[in-house]
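Student: just to be clear, the model below is a prediction. Sequence and coordinates:
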Amino acid sequence: MSLSTLIHHRIDWALFIALAWGLFFLARQVLGRLGCHRKLGTFHASVIGAACACAFLVTDWIGGRERERMQAAVSNLAPAYARELQELGHGRLPIDASPESPLYRSIVEAEQRWRARNPAITKVFTFRFDSGGNVVYIVDAPCDRNVDGRLVGEHELAHAIGSGCVSAGMEMLRALCGVSTFQARAFDDEWGTWVRAFEPIRDETGRVEAGVAVEFDAREWVAGEAAMRLGVLGTLLVALLVHLAATTATLLMRAEVDRRREIESELRRGEERLRAILDHDPDFVGLVGPDGNLLEVNPAGVRMVGAASKEQLLGHSLEAALTPVQPERLRSLHRPARGAAPASVEYQIKSRAGEPRWVQSHAVALGPRFGLTSTFLVVTRDIHDEKVAREQAERLQKELVDASRAAGMAEIATGVLHNIGNVINTANIACSSAQAQLGELSVDSLRMLANILSEQEDDLPRFFAEDARAKRVTPLLLELTHALEGQRDDLRRELETLTRALDHVKGVIHSQQTLARSSTVYELVDPREIVEEALNMNAEAIHRHGLRIEREYAQTIPLQLDRHKLLLVLINLITNAKEAVKDCPPERRRLRMVLATQRAGGRLQVVFEVRDTGVGIETAHLTRIFSHGFSTRPGGHGFGLHSSVLAAREMGGDLTAHSDGPGRGATFRLRVPAQARTDMVAA
């Protein structure tokens, strides 16, 4: 980019504007990065705007002055050359004159003399209108612009006389119209930067017959104008930079001053708050010097020791101020307090009434960080009431633990009795059934047959051969055999039920015994078998209440757990379901047993569900149904579900209940992990 282009398009001024506003926003960013709350505002932006306007006016003034100076230098030569051409008879030179004509050559020689006398002139040529109104060259001498000894190109070679001037502009036309014209804007080519002055040539009558163009080298003028413009813009930019730097530094310093004032104000407020806290602190707070004497004490400390004023304590030792019953304990506080770690000690002091009171002193060394050497802070708190209350609380806690242990033992005993009661109820039903079946044994028919055979004991062959009653002996014996076999099987089943019930009672008792050893005996249990066993133990009651059992067993896996705990939970759930449906119409007395497997939290679980169609559970009772002693059944004790949920937790599982409301049945869901607990003991 040439200097003339830079000046003409004011590119230097545009760069100045960009740099000025760039510095402005850079300063704003610096202030923001440094966390300064003060910003460059409207005033500083107006300074930048004023500087930009001033730069525009000054650079334009400089350019106008330089152009005027250049125009004055050039315009003085063009009229002189025009007059000399007029005297040489330029008006007599026709358009079709030969370049060898004496007049043409004399004018060319004159142009060359002018360039020789004034090196700033690079070219002089004349022009006029032809008959067609076109501007044509008349006299154009060759010019070696780059001084290389060769004439190359349009601007160095001479134009032929009468050739058209393709670059004719308004300045040439104005000269042909009799107006002296200066081409204010320099133009550039491959050899440099140039300006032209145009002057009309008149004939003897004063009529404009042609025009002369004088071309000057404008590089020095343009360079001078550019240097002055850039100097002014640079000076203004440096001034702006200094202004912004000074303003930024000032704002930073003012922000720092504001910050320090705020810190000082906060420190004063903190000191006032600390003083208020110390003055209203109910504890003894004292500052102890290197010699062990009090340097400062708060009002509460004065009141604690019963002194009349603070001055009575200052300068005296801490031991003299507190008058401890055990001085050695207070002295033991001084040794650790002089080190880095804080120290604390409890001891008794004499109150104003002369009675010993428990206090606690806490000491911490302050050190050079607080401008103090071998000085420590002592906080003494009256803990007499707290100490007495703590001792009473410990005594009450021991009594409470004893009472809780007794209550726990009673609760365990209640649960055991409830569970055993359920099993004994089953055993009692089995015994009653066996007793009823014993009463129904076919012994009367057998006795009648024995009596008949006894009467014919002496003549049995004749009896079997002749007596009609003998024909009924064999069918009767077969009938008695079948009846006795059925009754024997029924009795065996009842005895097996009774045996399982007694085994379960033994297992429950054994579980409570092993609970004291914090271990549980576990064994491999088939979920289907344990559900069927629980149903069999309630078979008589289920039959008596007319329950219809529905089974929904999915594929499951064996469980390692305490068999009797699982059986205990299932028996309690089946018993509750039986009680829930006993008052329902016979067609609604249904009990569905569900077995499923699911994965929860990355663990495999076996799910037991007992669903009944009975009276249901109110929503408000669902959160209390497993509480100890809570029961919704008249005459219920609230022990069964409570012991069941405890057993479920001991097996690592859980027991939940769901009901859609009264009259809509209930579902109890027992979830048991497939893996045995790690604290169990193998059977």
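Tutor: Sure, I can see it.

Student: so where do the helices sit in the stretch 301-450 of the chain?
Tutor: 318-322, 327-337, 384-439, 443-455 (DSSP state H, counting those that start in this stretch).

Student: report the rounded mean pLDDT for stretch 199-210.
Tutor: For stretch 199-210, the mean per-residue pLDDT is 87.

Student: what about that stretch, how long is it end to end?
Tutor: End-to-end distance of stretch 199-210 (C-alpha to C-alpha, to the nearest Å): 9 Å.

Student: ok, residues contacting that stretch?
Tutor: For stretch 199-210, the surrounding residues in contact (C-beta atoms under 8 Å, 6 or more residues apart in numbering) are 78-79, 81-82, 85-86, 90-91, 126-128, 138, 175-180, 211-212, 214. (Glycine included, C-beta is placed from N, CA and C.)

Student: toward the C-terminus, what is the element adjacent to the stretch of helix or strand A55 belongs to?
Tutor: According to DSSP states H and E, A55 maps onto helix 42-75. Using DSSP H and E, the helix or strand that follows helix 42-75 in sequence is helix 77-88.

Student: would you mind writing the CA trace of that following helix as CSV?
Tutor: Extracted C-alpha coordinates of helix 77-88, given in CSV (Å, rounded to 0.1, in the frame of the first residue of the first chain):
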residue,chain,number,x,y,z
LEU,A,77,6.0,27.1,-12.7
ALA,A,78,3.0,26.1,-14.9
PRO,A,79,2.0,29.7,-15.9
ALA,A,80,5.6,30.6,-16.7
TYR,A,81,5.9,27.6,-19.0
ALA,A,82,2.5,28.5,-20.6
ARG,A,83,3.7,32.0,-21.4
GLU,A,84,7.0,30.8,-22.9
LEU,A,85,5.2,28.3,-25.1
GLN,A,86,2.9,31.1,-26.3
GLU,A,87,6.0,33.2,-27.1
LEU,A,88,7.5,30.2,-29.0
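
Student: gap between the following helix or strand past it and the chain center?
Tutor: Using DSSP H and E, the next helix or strand after helix 77-88 towards the C-terminus is helix 102-117. Centre-to-centre, helix 102-117 and its host chain are 91 Å apart (C-alpha atoms, centre = their mean, to the nearest Å).

Student: mind checking the SS state of the closest residue in space to E618 that isn't next to it in sequence?
Tutor: Distances taken as C-beta to C-beta, 6 or more residues apart in numbering place P662 nearest to E618, at 6.0 Å, with adjacent residues excluded. Secondary structure, DSSP: H, G, I helix; E, B strand; the rest coil: P662 is coil.

Student: for the stretch 151-300 of the chain, give me the ranges with low pLDDT.
Tutor: Along the stretch 151-300 of the chain, segments meeting pLDDT under 70 span 151-158, 168, 184, 186-192, 218, 220-221, 223-224.

Student: ranges for the strands of it?
Tutor: For the stretch 151-300 of the chain, applying DSSP state E, counting those that start in this stretch gives strands covering 181-182, 187-188, 193-202, 208-217, 284-288, 294-297.

Student: can you show me the helices along the stretch 551-683 of the chain?
Tutor: Counting by DSSP H, counting those that start in this stretch, the helices of the stretch 551-683 of the chain are 563-581, 619-622, 640-650.

Student: ranking those helices by burial, who's on top?
Tutor: Mean neighbours per residue, mean count of other C-beta atoms under 10 Å, is largest over those for helix 563-581, with a mean of 24.

Student: what's the angle from that helix to helix 640-650?
Tutor: Orientation check (axes from the mean of the first three to the mean of the last three C-alpha atoms, to 10 degrees): helix 563-581 against helix 640-650 gives 150 degrees.

Student: from here on, count from 87
Tutor: In the new numbering, first residue 87, that becomes helix 649-667.

Student: now helix 649-667: mean pLDDT?
Tutor: Averaged across helix 649-667, pLDDT comes to 88.

Student: for that helix, C-alpha coordinates in CSV please.
Tutor: What follows is the C-alpha trace of helix 649-667 in CSV, where atoms were taken according to Å, rounded to 0.1, in the frame of the first residue of the first chain:
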residue,chain,number,x,y,z
ARG,A,649,-35.3,-73.5,58.9
HIS,A,650,-37.3,-72.9,62.0
LYS,A,651,-37.2,-69.1,61.7
LEU,A,652,-38.6,-69.4,58.1
LEU,A,653,-41.2,-71.9,59.2
LEU,A,654,-42.1,-69.6,62.1
VAL,A,655,-42.8,-66.7,59.7
LEU,A,656,-44.8,-68.8,57.3
ILE,A,657,-47.0,-70.3,60.1
ASN,A,658,-47.7,-66.9,61.5
LEU,A,659,-48.7,-65.5,58.1
ILE,A,660,-50.9,-68.5,57.3
THR,A,661,-52.5,-68.3,60.7
ASN,A,662,-53.3,-64.5,60.2
ALA,A,663,-54.7,-65.2,56.7
LYS,A,664,-56.9,-68.0,58.1
GLU,A,665,-58.2,-65.6,60.8
ALA,A,666,-58.8,-62.9,58.1
VAL,A,667,-61.1,-65.0,55.9
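
Student: lowest-confidence helix or strand of this structure?
Tutor: When the helices and strands of the chain are compared on mean pLDDT, DSSP states H and E, strand 767-768 comes out lowest with a mean of 35.

Student: for the closest residue to L179 other than its chain neighbours, grab the count of nearby residues.
Tutor: Spatial nearest neighbour of L179, excluding adjacent residues (C-beta to C-beta, 6+ apart): L189 at 5.3 Å. When counting by other C-beta atoms under 10 Å, one arrives at 16 neighbours for L189.

Student: list the contacts for L189?
Tutor: L189 touches 174-175, 178-179, 183, counting by C-beta under 8 Å, 6+ apart.

Student: gap between the helix or strand containing L610 and the chain center?
Tutor: Here L610, judged by DSSP H and E, is contained in strand 607-611. Chain-centre distance of strand 607-611: 48 Å, with C-alpha atoms, centre = their mean.

Student: just the CA coordinates for that strand, please, in PDB.
Tutor: Extracted in PDB, the C-alpha atoms of strand 607-611 (Å, rounded to 0.1, in the frame of the first residue of the first chain):
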ATOM      1  CA  VAL A 607     -27.700 -72.600  62.900                       C
ATOM      2  CA  TYR A 608     -28.600 -72.800  59.200                       C
ATOM      3  CA  GLU A 609     -29.300 -75.600  56.800                       C
ATOM      4  CA  LEU A 610     -30.200 -76.100  53.100                       C
ATOM      5  CA  VAL A 611     -34.000 -75.600  52.700                       C
END
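
Student: check which helices and strands that strand sits against.
Tutor: Contacts defined by 3 or more C-beta pairs under 8 Å, 6 or more residues apart in numbering; DSSP states H and E place strand 607-611 against helix 559-601, strand 645-647, helix 649-667, strand 767-768.

Student: each with direction, which strands does it pair with?
Tutor: According to DSSP bridges, strand 607-611 forms sheet pairs with strand 645-647 (antiparallel), strand 767-768 (parallel).

Student: and the next helix or strand past that strand?
Tutor: helix 613-623.

Student: next, the buried residues of that following helix.
Tutor: Neighbour-count burial for helix 613-623 flags 613, 616-617, 619-621, 623 (criterion: 16 or more other C-beta atoms under 10 Å).

Student: looking at those residues, which one is closest to V731?
Tutor: A620 (16.9 Å; C-beta to C-beta).

Student: farthest pair in the contacts of L189?
Tutor: So, these by C-beta to C-beta: farthest apart are L174 and A183, at 13.3 Å.

Student: under the pLDDT cut-off, which ranges of the stretch 487-636 of the chain? List them.
Tutor: In the stretch 487-636 of the chain (pLDDT under 70), the answer is 487-516, 518-532, 535, 542, 550-558, 573, 586-588, 590-607.

Student: what's the closest of the helices and strands packed on strand 607-611 to I97?
Tutor: Nearest to I97 among the helices and strands packed on strand 607-611 is strand 645-647; the distance by C-beta to C-beta comes to 91.2 Å.

Student: the lengthiest helix in the chain vs helix 128-161, what angle?
Tutor: When the chain is scanned for its longest helix (criterion: DSSP state H), the result is helix 305-366. Counting by the same axes, to 10 degrees, helix 305-366 lies at 170 degrees to helix 128-161.
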